[in-house]
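**Student:** got a sequence here, can you build the structure:
(one chain, ligands or ions: 1)
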Amino acid sequence: MNVISPANYVIAPPAVTTLPVQGSDKLFPVHRIYCIGRNYAAHAIEMGHDPDREPPFFFLKMPDQVVQPGQDFPYPPKSTDVHHEIELVVALKKGGKNIPLDKALDHVFGYGVGLDMTRRDLQGEAKKLGRPWEIGKAFEDSAPCTALVPAERIGHPAKGAVWLKVNDKTTQEGDLNQMIWKVPEMISYLSDYFTLQPGDLIMSGTPAGVGPVKKGDRLHGHVDGVGDLKLSVD
Ligand code: MN
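**Tutor:** Got it, this is the predicted structure:
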């Protein structure tokens, strides 16, 4: 690898986005953020879709859209209907193409709790017009996340409660075992279409109960065995 000094760039190179790792002073560098759509049947139904097991589909958020643990979520511009989607986040330590199902979990570094914040009004408009979703999904600060917990410590959670409370009232509730596409399947499937890289995150879909947030709301998300994400809407 070439070592290039800052003086060789025409502008300062962008910083690497990182997430803290629980129990370590080392950081996890974030590469891409893949997000799966409609991965819990009850959520697919609430969004007006058929919950049958059709092939999964993915969209992306950008790494610098991560909100660091402890930071608040700034209400984004150009939307009046911003929704919360609580999700298990999978962090990869190893990349690859055509990763077989039975090797997929060997690629996982650990897990976090994340929010796939969504400008639902803009996403809805894009859907109607057959346009891409970035304007609704991939905006600044659209991916709050906790510190990552290494799989070495907690294993690979495949069941356990996932919930979100807004101002102490439960809005979203589900169980990891309700995922239509399981974590190894998502990794294997993605790796047939993309060359996965160490540092990639996968947001694994949200259970039913998505809804709007407003400035001043306190959000508390939880995934059993992984952790708690707490923030306010600013
Ligand atoms: Mn989502």
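**Student:** grab the nearest non-local neighbour of the residue in the chain that the ion sits nearest to.
**Tutor:** For the chain, the residue closest to the ion is Asp116, as judged by CB to the ion, at 3.4 Å. For every residue, glycine as well, the C-beta is placed using N, CA and C. Using CB to CB, 6 or more residues apart in numbering and skipping the chain neighbours, the partner closest in space to Asp116 is Glu85 (4.0 Å).
**Student:** pretty sure the one you found sits against Val210.
**Tutor:** Yes. Here Glu85 reaches Val210: they are 5.4 Å apart, a contact under CB atoms under 8 Å.
**Student:** who has more neighbours, those two?
**Tutor:** More crowded of Glu85 and Val210, by other CB atoms under 10 Å: Glu85, with 23 against 19.
**Student:** what's near enough to touch the more buried one?
**Tutor:** With contacts defined as CB atoms under 8 Å, 6 or more residues apart in numbering, the neighbours of Glu85 are Leu115, Asp116, Met117, Thr118, Gln172, Thr206, Val210.
**Student:** where in this structure is pLDDT low?
**Tutor:** 1-3 (pLDDT under 70).
**Student:** returning to that earlier point: mind checking which of the contacts of Glu85 land in strands?
**Tutor:** Judged by DSSP state E, the contacts of Glu85 include Leu115, Thr118, Gln172 as members of strands.
**Student:** going by distance to Phe194, which of those residues wins?
**Tutor:** Thr118 (22.0 Å; CB to CB).
**Student:** which ones are touching that closest one?
**Tutor:** Val82, His83, Glu85, Gly136, Lys137, Ser142, Val210.
**Student:** same deal with Leu164?
**Tutor:** For Leu164, the contacting residues are His84, Ile86, Thr170, Thr171, Gln172, Gly209, Leu219, His220, Gly221, His222, by CB under 8 Å, 6+ apart.
**Student:** would you mind measuring from the residue nearest to Asp116 to Lys93?
**Tutor:** 25 Å (CB to CB, to the nearest Å).
**Student:** among the contacts of Leu164, name the buried ones.
**Tutor:** His84, Ile86, Thr171, Gln172, Gly209, Leu219, His220, Gly221, His222 (16 or more other CB atoms under 10 Å).
**Student:** these in helices, which ones?
**Tutor:** With DSSP state H as the criterion, helices contain none of these.
**Student:** now the helices for the chain?
**Tutor:** 41-46, 120-129, 134-137, 151-154, 183-193.
**Student:** how about the residues of this structure by the ion?
**Tutor:** Counting by CB under 5 Å from the ion, the residues of the chain close to the ion are Glu85, Asp116, Thr206.
**Student:** closest to Pro14 among these?
**Tutor:** Asp116 (22.7 Å).
**Student:** look at the closest one and say how many residues are nearby.
**Tutor:** Residues near Asp116, counting by other CB under 10 Å: 25.
**Student:** gap between the two ends of stretch 186-199?
**Tutor:** Distance across stretch 186-199, first residue to last, is 16 Å (CA to CA, to the nearest Å).
**Student:** the spatially most central residue of the chain bridge partners, please.
**Tutor:** By CA atoms, centre = their mean, the chain has its centre lying nearest to Met203, at 2.9 Å. Beta-bridge pairing of Met203 under DSSP bridges involves Cys35, Val89.
**Student:** from Ala91, how far off is it?
**Tutor:** 11 Å.
**Student:** need the contact list for Asn39.
**Tutor:** Pro56, Met179, Ile180, Trp181, Ser204, Gly205, Thr206.
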